[in-house]
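Q: let me see the structure of the following:
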Amino acid sequence: MLLRSGSAAHQFVLRRARETEIELDRRNFLQRLAIAAAAGVTPRVALAADDDLYDVGRFGNVRLIHITDTHAQLQPVYFREPSVNLGIGDMRGKPPHLVGGAFLEYFGIAPGSRIAHAFTFLDYEHAAHSYGRMGGFAHLKTLIDRLRADAGPGNALLLDGGDLWQGSGLAHALQGADMVEAANLLGIEAMTGHWEFTYGEAALRKNLGSFKGEFLAQNVFLTEDAAFNDKAAFDASAGRVFKPAAVREVGGMRIAVVGQAFPYVPIAHPGRFTPDWTFGIRERELQRLVDDLRNAQHADLVVLLSHNGMDVDLKLASRCTGIDLILGGHTHDAVPRPVVVANPRGKTLVTNAGSNGKFVGVADIEVGKGALKDVRYTLLPVFANLIEPDPAMAALVERLRAPHAAQFSETLATTDQLLYRRGNFAGPMDQVICEALRQRLDVQIALSPGFRWGTTMLARQAITAEDVLAETAITYPETYVQDMTGAQLKAIMEDVADNLFNPDPYLQQGGDMVRVGGMDYSCAPNEAAGHRIADMTLDDGRPVEADKTYRVAGWASVNQRTGKPAGDLVADHLREQKTVKFKRLNSVTLKGIANNPGIIGGG
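A: Numbers count the residues shown, from 1 in each chain. The predicted model follows:
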C-alpha cells in the first residue's frame, strides 16, 4: 500500500516509526544506566525523535558547553565517521576505538536510527540523503543559545577545544579572522589551539587581539633563546607564552578551566611557524597548576580543555590528580559517554566531542564546595534540518563568504562514488589527491598526509573549488617530487605507523596513516616499530625493492618546498577529468587484527 506524503495515514506511520525508534534507544540506554551510575557518571544518550533530540533537561548548577575541531566549517557539511579506528595494546576494544555495530552496541544506540547515522559510518550515503547535512555555525548558534537559556543566567560556559580557525578556503584566505568573528558571535568564552599555530605568531596574535574570549595554553613555553631575548610572553618569569588557566564564577561556583594546546606542534608542522616556542604534554607543570588552582585559588571544579587526543587524555587522567573533567579534542572522536579514569587521588571523566561542527557536548554538573558531586553528559548531534539557523550568524557567514563566493562555487567535476577521508588507512578523497599528484607530476608513487579533517562528498555530487580547499587548505600546501629508495619509503611509512600505533599514547601525535597512491602494502599494527610495513607492491604487480630508486610526489612537508600548492594541482586535475572514476583503489592488507572492534567485521 502506498501512502501519500503528508496524509494522515502517512503521518501516523511516521509517528509510530519514531516512537519505536525512541523505545529501542530508551531500552538500551536504561540497561547501561545502572552500570554507568556505579562508575560515578550519569550519561544521557540523546534519543531519536526530532522533537526530543535537543531537550536535554536540566541538572546540577553548572553547564559546560563544548565544541572542538570544527575546522572552520561555517556551513553545514557531510562528514563520514571512520570504519577503521584501531585500538592497540590496552586500548583495544575501548572507546574511542570502536566502529560500526560494536560502537552502537557499546553505547546502546539503536541501529538504523538518526543517532546511529551521526556516530557511525553505517549505511552512510543512504542515511545522509535521509538526514541531511550536519553542523553549520548558524545552526550551532541557535542550539547553543537554547542550551544557555535552559541553564539559566550565569550558569553556563561555552568552551572551544581548538582547530577552530583552519580547514576551509575562506579561513585560509583570511588567516582565520573569519572564524574569530564567528566565535565572538557564538560567544566562545575560552579556547585552546593546534592548527591555529600554523598561521605563525604574527597572525595568531592579531586574531587573538580580536577574540573576545580567552586563549589558554598551559603547555607552551618560550625557548631559552626567546626568553633571553625578552620575546612576548604572558608570564615572562615562568616562560609561559599564554595564559594557562582561567577561573570563572559559574552557577555560583568557582570553575577553573586549564588550556592544553596540541603538544607536538613543532614536530607535526614546520618549525618555522613557532620558532620561539616549545610545546609538550608538560605533565609536571600541569600538576603544579592544578594543585595551585585547588589549594590557593580555591577552585570548586577543575576542567582541562584539551587538544591532546583522547588516548593521551586517558593516560594523562590516570597520572595527574585533581582534574574533574577533561573536555578533549584533536582525534575527532565522537564519544557519547565520558570514560571514567581512576588515578591515585580520585577519578577524572574524559570526553571527546567529534569534529566539523557535528556535535555539541553538554556537561551538566552538580558542583559542591571544592568537589564534583554528579554529572550528566550529553553529546548532541547537530542536524541542520532540525534547527532553525540564527539570522545574525547566517548574515555574518554570508557577508564573510561574499567576496569569495564566485571562486569557491566553480564546479570542477562530479564524483561517481562517495568521497571521504577519515579512517586509519585510506579514503577515496585521498586517492583523488594521490592520483592528481601522480598524473600531474608524472611519478610512480604519491604520498598524502593522513589528516583527519576534510569533508565528505556524496556520489553524483558536484565537486567545487571550495570542496577541494576543504581537503587541502593549509599554510604549507606546496607539492614536491623527489627520488626515494624502497628502503627510504618503507622507513617513512614505518615512522608514521609508529606514530599511529605506538602502544604508549604519549608517543602518538594523532592523525592517520599516510595515504599512498600507486602502491599497495600490508600493515601489522600490533608489531614492534620498524616491523609493521611489508609487501610493498607497485600497481603493475612488481615489488618495491629496498635498493631501487622511485620517483615519489607528496605535499605538506615540514621542510620548505616550492612546488605548486596541492589544492591548485588537484583542481587542475579535476577540471581535466570531469568525472571522478577510479581504475583501481590502492589497498592496505591488515594483519594480526582479527576480532578487533575498531574495524568493520572485526568484532
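Q: what is the neighbour count of Asp150?
A: Each residue near Asp150 was counted by other C-beta atoms under 10 Å, and the total is 17. Where you see a C-beta, it was placed from the backbone N, CA and C, and this is true even at glycine.
Q: I meant His172, not that one.
A: Neighbour count for His172, taken as other C-beta under 10 Å: 22.
Q: tell me which other helices or strands the host helix or strand of it touches.
A: Under the criterion of DSSP states H and E, His172 resides in helix 169-174. The contact analysis (3 or more C-beta pairs under 8 Å, 6 or more residues apart in numbering; DSSP states H and E) places helix 169-174 against helix 177-186, helix 391-401, helix 405-408, helix 465-472.
Q: contacts for the helix or strand following the last one?
A: For helix 465-472, the succeeding helix or strand toward the C-terminus, using DSSP H and E, is strand 479-485. Residues outside strand 479-485 that contact it (C-beta atoms under 8 Å, 6 or more residues apart in numbering) are 437, 441, 443, 445, 492, 546-555, 557, 561, 563-566, 569.
Q: restricting to C-alpha, output the helix or strand just after strand 479-485 in CSV.
A: Next in sequence after strand 479-485, counting helices and strands by DSSP H and E, comes helix 486-501. Only the C-alpha atoms of helix 486-501 are listed here, as CSV (Å, rounded to 0.1, in the frame of the first residue of the first chain):
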residue,chain,number,x,y,z
GLY,A,486,62.4,1.5,-1.4
ALA,A,487,64.1,1.4,1.9
GLN,A,488,63.6,5.1,2.4
LEU,A,489,59.9,4.8,1.5
LYS,A,490,59.4,2.0,4.0
ALA,A,491,61.2,4.0,6.7
ILE,A,492,58.8,6.9,6.2
MET,A,493,55.8,4.6,6.4
GLU,A,494,57.1,2.8,9.5
ASP,A,495,57.6,6.1,11.2
VAL,A,496,54.0,7.2,10.5
ALA,A,497,52.7,3.8,11.6
ASP,A,498,54.6,4.0,14.9
ASN,A,499,53.1,7.4,15.5
LEU,A,500,49.6,6.0,15.0
PHE,A,501,50.0,2.6,16.6
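Q: helix 486-501 to strand 479-485, inter-axis angle?
A: On the basis of axes from the mean of the first three to the mean of the last three C-alpha atoms, to 10 degrees, helix 486-501 is oriented at 110 degrees to strand 479-485.
Q: show me which residues of helix 486-501 are buried.
A: By 16 or more other C-beta atoms under 10 Å, the buried positions in helix 486-501 come out as Gly486, Leu489, Lys490, Met493, Glu494, Val496, Ala497, Asn499, Leu500, Phe501.
Q: so which elements touch that helix?
A: Identification of packing neighbours for helix 486-501 by 3+ C-beta pairs under 8 Å, 6+ apart yields strand 445-450, strand 512-517, strand 533-538, strand 549-555.
Q: among those, which is nearest Val339?
A: Of all the helices and strands packed on helix 486-501, strand 512-517 sits nearest to Val339, with 21.4 Å by C-beta to C-beta.
Q: given the closest one, what are its sheet partners and their directions?
A: strand 445-450 (antiparallel) (DSSP bridges).
Q: what does the partner strand contact?
A: 424, 430, 433-435, 437-438, 484, 489, 492, 496, 500, 511-519, 538, 550-556.
Q: and the end-to-end length of stretch 325-337?
A: 12 Å (C-alpha to C-alpha, to the nearest Å).
Q: pLDDT on that stretch, on average?
A: Across stretch 325-337, pLDDT averages out at 98.
Q: what of stretch 158-169?
A: Across stretch 158-169, pLDDT averages out at 98.
Q: before we move on, what about stretch 447-462?
A: Per-residue pLDDT over stretch 447-462 has a mean of 96.
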